[in-house]
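**Q** give me a 3D structure for the following:
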Amino acid sequence: MTTYDQALDGNVLAGILRGVFSFEPTASMAMCAGCGTRVPVGAWMVFVNAPGMVARCGTCDRVQLRIVHNDKGSMWVDLSGIASIEIAP
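**A** Numbering: from 1, shown residues only. Have a look, this model is predicted:
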């Protein structure tokens, strides 16, 4: 049996992701993927004069997060600038 034979589909993540995305994010500590600085999400610099919202690291100016909505209610979230986020109980 190979490792791939043991893989489940992404639906197995439903429960854990529901818990991950139901927290107060601004108090959570995020690590910048660019410079490694750890700060609360609420300390980011956020720019709203764009098609969406853009949050940047206050140390290296790297984009941490992008959020864009369309007129149909869909939302796109890019978290590629975050190396990790600590969700405290």
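
**Q** from what I can see residue 31 touches residue 85, true?
**A** Yes - judged on CB atoms under 8 Å, residue 31 makes contact with residue 85 at a distance of 7.4 Å. To be clear about C-beta, it is placed using only N, CA and C from the backbone, and glycine gets the same treatment.

**Q** and the longest strand for this protein?
**A** As assigned by DSSP state E, the longest strand anywhere in the chain is strand 63-69.

**Q** tell me what that strand is packed against?
**A** strand 52-56, strand 75-78 (3 or more CB pairs under 8 Å, 6 or more residues apart in numbering; DSSP states H and E).

**Q** give me the contact list for the longest one.
**A** Identification of contacts with strand 52-56 by CB atoms under 8 Å, 6 or more residues apart in numbering yields 41, 44-47, 62-69, 76.

**Q** where does confidence bottom out across these?
**A** Among the contacts of strand 52-56, residue 69 carries the lowest pLDDT, at 90.

**Q** separation between the closest residue to residue 45 other than its chain neighbours and residue 47?
**A** In space, and not counting its chain neighbours, residue 45 is closest to residue 56: 4.8 Å by CB to CB, 6 or more residues apart in numbering. To residue 47, residue 56 is 7 Å away according to CB to CB, to the nearest Å.

**Q** how about residue 7?
**A** 39 Å.
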